[in-house]
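[1] sequence first, predicted model second:
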Amino acid sequence: MLIPKLAKKRRTTALVVLSLLLLGASCGSSTGSNQVAISANQETATTEAVTTTTEAVDETTTTEVMEPEFPEAIISLSPTATEILFAIGAGGQVVAVDEYSTYPEEAPTTDLSGFTPNIEAIAEYEPDLVVISYDPGDLVVGLELLDIDVVMQGTALSVEDTYSQITELGELTGHSEEAQELSDSISADLASLAENPVGTGLTYFHEVDATLYTATSSTFIGQLYALLGLENIADPADEQGWGYPQLSPEYIVSANPDLIFLADAIYGESLDTLMERPGWSEITAVQNYAVIELDETSGRWGPRIVDFLTGIHAAITDLTS
Amino acid sequence: MRASRNKDKEEKLEAPAKLKAWWLVLAATTAVVAVGLGLTLGPASLGVREVLLEVLDRLPFVDYDSGLSEREQAIVWEIRLPRVVLGLLVGSMLATAGASYQGVFRNPLADPYLLGVAAGAGFGATVAIVSDLGDGIGTFDAVPMLAFGGALVAVSLTYLVGFSARRSDPVTSLVLAGVAVASFFTAIQTFVQQRDSETIRQVYFFVLGQLRTAGWDEVILVSPYVGGCLFILLLLRRRLDVLAVGDEEAGSLGIDVRLVRLVSVLAASLGTAAVVAVSGLIGFVGIIVPHTIRLIFGFSYRIILPLTILFGGAFLVGADLVARLVLEPAEIPIGVVTAFMGAPFFVLVLRTSRKL
Amino acid sequence: MEAISCRSLRVNFGSTEVLRGIDLEVPKGGWTTVVGPNGSGKTTLLRSIAGIQASQGVIQIDGHSLGAFNRREVAKQIAIVPQQPVIPDGMRIIDYVLLGRTSHLGFFGIEKKSDIEIAQSALEELDVNFSESRTMGTLSGGERQRVVVARALTQGSPILLLDEPTTSLDIGHQQEMLEVVDELRSRLGLTVLATMHDLTLAGQYAESLILIEQGQVVASGSAQEVLTEDLITHHYRASIKVIEDDSGPIVTPVRRKNSNSLE
């Protein structure tokens, strides 16, 4: 959820907006049902015809029919993947998620780590599928040695990646229909937000951390901002196109953004701390209190990107009215 | 029974090693030029004339309108100037501390980090960052405090360990103790740093060194230490020359070697700890600057120390300019710039080390 | 009041006894040379008196206990020329010699004209060419030794300790240096305590000799009394001959055809 940090008198408005967003986002997903399907290799997610002529409908068979197997003991070490899994109705198939998978609430959070994963700890849950977004070097190899299926869904570079990850998880878990619905819904929501680009003509600075790393418009989050017509002050600074340059305070002050988004608000940055930085009190965004604190959704590329962008949209609308 | 003497040489008075006045002027000018460049260059394009007027405007009884907006003025006074001043302070302290260490330890490769100052500061800073202590700008207030404390603890530990060794050669014991203490602190620093993946970048930011300031606060914080320590080291410069002949001979010439060594090391370490706490671990300054001065101007510390103060400051401001401008508007950590300069420099030292 | 006076001087390096109770006296203005075979403790003796070697027993300088002086006071009283001095290659000669004035300088350590003159004349006395650009690293072995002596002379201390001051010098420069020292001794009333391995020269320039072996005094007195064939042959285990001369006994090695006839 977004918590736009605005001047005190606008807080009530924010709360109202927030509640509306909460209601909107809690569209429940259908409960997963294990479809009986004839499938073979999970990683290719294709269905193959069985050679016998009998159609097995329930679990008991007498011939050697490949059982329809969708994983029932999924472990997700990627907070975004967790969100996707629950959003497409596969939540019941998930047995454990990593420590940072805080959404949705019903997700079975454990102290497994997505950054320094311990293979034995993972194996203890006897998973039949592990979804990761980061491999420090030996995770995939290790899991394969233990004969555990693993799928890697790295950080999305664009919204297209989000859709393909949703589709992939849908196929793996037997929720392809819900997956398609989810993708369509996200796409539609984003399109409708883009139809009203309230950020047109405004510049912004997205602060990743207090050492002034930022994200340009070529990054995932930058693309989202661009949907609203926002212009990123870091773009001219990133000739090589790496996406995450580190800016100097002088550059930021001189570029004078209209809006500042603090992804490091979770570490304590706020309008107050910004005002203490030398020279920053002269920035338009600071003077107009147009400093918006982001929560952890800004780091995810799953279904809640809609919530994120909606929140930004609302915050900007508030500020400019 | 005397053999031929040098009577045919003209009997002019042979001057001892002396700091020539024009060298001082040259050094001061270099520093001023560096400051000037530091104030006028940067991603925000402010004209030289405007900056000059702005600076003059602040002088008492002088009133100019520089034509800069409030924001641009803030850039000059709150971002650029404190940064440049900090560069002067840090550069002069590191260079002079390095020169002093080289005198005390009679080793051309001694630098201010020899006794564990860097490792201790790095450890303190890492702890501060990882445990998210302090208020203010993220963790920046706790960082200098713990970095400073860490540096002092490391140096004290080095002295304790060095003394307890009771070898006949106190200098070697200190150096070895310093190596041991530094390794120890580096190891736990790395361990602490690796445990928290979210703050790794902040830790590296500190370790690689930066002159990014939180305004004048850091300058004020550091100035008394730098001022006091530089003053003490300057006072000792003649005695450092005497140390060149070794502990025993220096003692027989009338120097209290242990006291001189202790005071020099203390002053150099304290000053270094203070600047490192604020600007991170900027390396090579303490070696490049003193050696260059030695090669160009002379061997005596009466020449070297006053010049390292001025040239050291100018050097770091210059390095900071490079760090700021090369990848503008992104910045290279200044420790990387000085390291780049340091590598070829070491080759130079190796080839000319006979003279040292 | 003797210039230097030692009683029961002992020095131990760990469990090894290097000096086992030395008694020694050097009168003011006198010149005593310590001789003895390698490892007898000559250098340790000198260093103990200079205060740079820890020792037990009594050492008195001009009637005052050595331990009562601080470093600076000791330097003003005693100047030592070490056997193996540390030579900072990059230092200019004049600066090196000026180090001798350290104990006389004020708090800020600035040399006065008089200091510089003293250093210069010491170098000239010892026939060292010290043009402006010459650094210590460019000196020959012999020049180096003379420069170190010049530094000691520059200290202006009434007591001069010389540890093997002539080892690297050719015969001409050996004599020159010793003459200079002797001349300064009579002119300024210096007290000289030296160690030498050249027995003849030792006898020619010292007023009294002390022969030590294995940390103990085995003979002392005038050159004629100490430089005898018996004593030298016995303590040095050498085959020598002593020839009388006006300037003093001349000790010269001789080679016996029969290699086993060493007493």
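    The structure has been received and is ready for your questions.

[2] between the two ends of stretch B:71-78, what distance do you get?
    Taking CA to CA, to the nearest Å, the span from the opening residue of stretch B:71-78 to its closing residue is 10 Å.

[3] beta partners of C:Ile250?
    Here C:Ile250 sits in beta bridges with C:Ile243, as judged by DSSP bridges.

[4] report the contact partners of it.
    The neighbourhood of C:Ile250, defined by CB atoms under 8 Å, 6 or more residues apart in numbering or on different chains, consists of C:Thr200, C:Val242, C:Ile243, C:Glu244. (Each C-beta comes from the backbone N, C-alpha and C, glycine too.)

[5] C:Leu98 versus the third one, what's the distance?
    Pointing back at C:Ile243 there. Here the distance between C:Ile243 and C:Leu98 works out to 43 Å (CB to CB, to the nearest Å).

[6] which of those two has more neighbours?
    Counting neighbours by other CB atoms under 10 Å in any protein chain shown for C:Ile243 and for C:Leu98 shows that C:Leu98 has the greater number, 26 against 10.

[7] my read: the more buried one touches C:Glu117, true?
    No. The criterion here is CB atoms under 8 Å, and C:Leu98 misses it with C:Glu117 at 10.9 Å.

[8] of the contacts of C:Ile250, grab the buried ones for ChimeraX.
    Those of the contacts of C:Ile250 that count as buried under 16 or more other CB atoms under 10 Å in any protein chain shown are selected in ChimeraX with:
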select /C:200,242
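
[9] tell me where chain C has strands.
    C:4-13, C:16-26, C:31-35, C:56-61, C:64-65, C:78-81, C:159-163, C:191-195, C:208-213, C:216-221, C:240-243, C:250-253 (DSSP state E).

[10] my error: substitute chain A in the last question.
    Assignment of strands within chain A using DSSP E yields the ranges A:74-76, A:94-97, A:129-132, A:150-152, A:203-207, A:231-232, A:259-262, A:291-293.

[11] tally of neighbours for C:Leu99?
    Burial of C:Leu99, expressed as a neighbour count using other CB under 10 Å, amounts to 23.

[12] what does A:Phe205 give?
    For A:Phe205, using other CB under 10 Å, the count is 24.

[13] what of B:Ser269?
    Other residues lying near B:Ser269 total 28 when counted by other CB under 10 Å.

[14] residue contacts, it?
    B:Ala97, B:Pro112, B:Leu115, B:Val117, B:Ala151, B:Leu152, B:Val155.

[15] now with 6 Å?
    Residues counted as contacts of B:Ser269 (CB atoms under 6 Å, 6 or more residues apart in numbering or on different chains) are B:Val117, B:Val155.

[16] separation between C:Arg71 and chain B?
    When distance is defined by CB to the nearest CB, to the nearest Å, C:Arg71 is 5 Å away from chain B.

[17] quick one: least confident helix or strand in chain A?
    Counting by mean pLDDT, DSSP states H and E, chain A has its least confident helix or strand at helix A:11-25, which shows a mean of 50.

[18] returning to what we had before: winner for burial among the strands of chain C?
    Among those, the stretch with the highest mean neighbour count (mean count of other CB atoms under 10 Å in any protein chain shown) is strand C:78-81, at a mean of 26.

[19] that one vs chain B: in contact?
    Yes. Against chain B, strand C:78-81 shows contacts by CB under 6 Å from any CB of the partner chain at C:Ile80.

[20] what's next to that strand, contact-wise?
    Applying CB under 6 Å, 6+ apart, the set of residues contacting strand C:78-81 is B:Ser252, C:Ala50, C:Val148, C:Val149, C:Ala152, C:Gln155, C:Ser157, C:Ile159, C:Leu160, C:Leu161, C:Leu162, C:Pro165.

[21] which residue packs closest to A:His175, ignoring adjacent ones?
    Spatially, and ignoring its direct neighbours in sequence, A:His175 is nearest to A:Ile88 (4.5 Å; CB to CB, 6 or more residues apart in numbering or on different chains).

[22] pLDDT below threshold where in the stretch 1-150 of chain A?
    Scanning the stretch 1-150 of chain A for pLDDT under 70 picks out A:1-68.

[23] chain B contacts on that one?
    Among all residues of the stretch 1-150 of chain A, those adjacent to chain B (criterion: CB under 6 Å from any CB) are A:Phe115.

[24] can you count the residues close to the closest residue to chain C within the stretch 1-150 of chain A?
    When distances are taken as CB to the nearest CB, the stretch 1-150 of chain A approaches chain C most closely through A:Gly137, which lies 51.0 Å from it. By the criterion of other CB under 10 Å, A:Gly137 has 7 neighbours.

[25] same question for B:Thr126.
    A count of neighbours around B:Thr126, defined by other CB under 10 Å, yields 30.

[26] for the host helix or strand of it, give the mean pLDDT please.
    Taking DSSP states H and E as the criterion, the element that holds B:Thr126 is helix B:117-130. The average pLDDT within helix B:117-130 is 89.

[27] so that helix, near chain A or not?
    No. No part of helix B:117-130 sits near chain A under the criterion CB under 6 Å from any CB; the closest distance found is 9.9 Å.

[28] need the contact partners of that helix.
    Surrounding helix B:117-130, the residues in contact under the criterion CB under 6 Å, 6+ apart are B:139, B:142-143, B:146-147, B:149-151, B:153-155, B:182, B:185-186, B:189, B:192-193, B:196, B:199, B:202-203, B:206-207, B:269, B:272-273, B:276, B:281.

[29] and for stretch B:64-81?
    Defining contact as CB under 6 Å, 6+ apart, one finds that stretch B:64-81 is touched by A:249-250, A:253, A:278-279, A:282, B:39, B:44, B:46, B:50-51, B:53-54, B:56-57, B:215.

[30] tell me which residues touch the residue nearest to C:Ile212 when sequence neighbours are not counted, please.
    Taking CB to CB, 6+ apart, and ignoring the residues beside it in sequence, C:Ile212 has C:Gly36 as its nearest neighbour in space, at 4.4 Å. With contacts defined as CB under 6 Å, 6+ apart, C:Gly36 is in contact with C:Lys42, C:Leu211, C:Ile212, C:Glu213.

[31] now go through the contacts of helix B:117-130 and say which are in helices.
    With helices identified by DSSP state H, the entries of those that belong to them are B:142-143, B:146-147, B:149-151, B:153-155, B:182, B:185-186, B:189, B:192-193, B:202-203, B:206-207, B:269, B:272-273, B:276.

[32] quick check, the residue in the stretch 1-150 of chain C closest to chain A?
    When scored by CB to the nearest CB, the stretch 1-150 of chain C has C:Phe108 as its residue closest to chain A, at 40.2 Å.

[33] what does that residue show for phi and psi?
    The phi/psi pair for C:Phe108 (degrees, to the nearest 10) reads phi -90, psi -10.

[34] B:Leu221 - how many residues pack around it?
    Quick note: B:Leu221 (other CB under 10 Å) scores 19 neighbours.

[35] any idea which helix or strand carries it?
    Secondary structure assignment for B:Leu221, by DSSP H and E: helix B:216-235.

[36] name the residues that touch that helix?
    Residues from elsewhere that reach helix B:216-235 (CB under 6 Å, 6+ apart): B:82, B:85-86, B:89, B:93, B:96, B:100, B:267, B:270-271, B:274-275, B:278, B:305, B:309.
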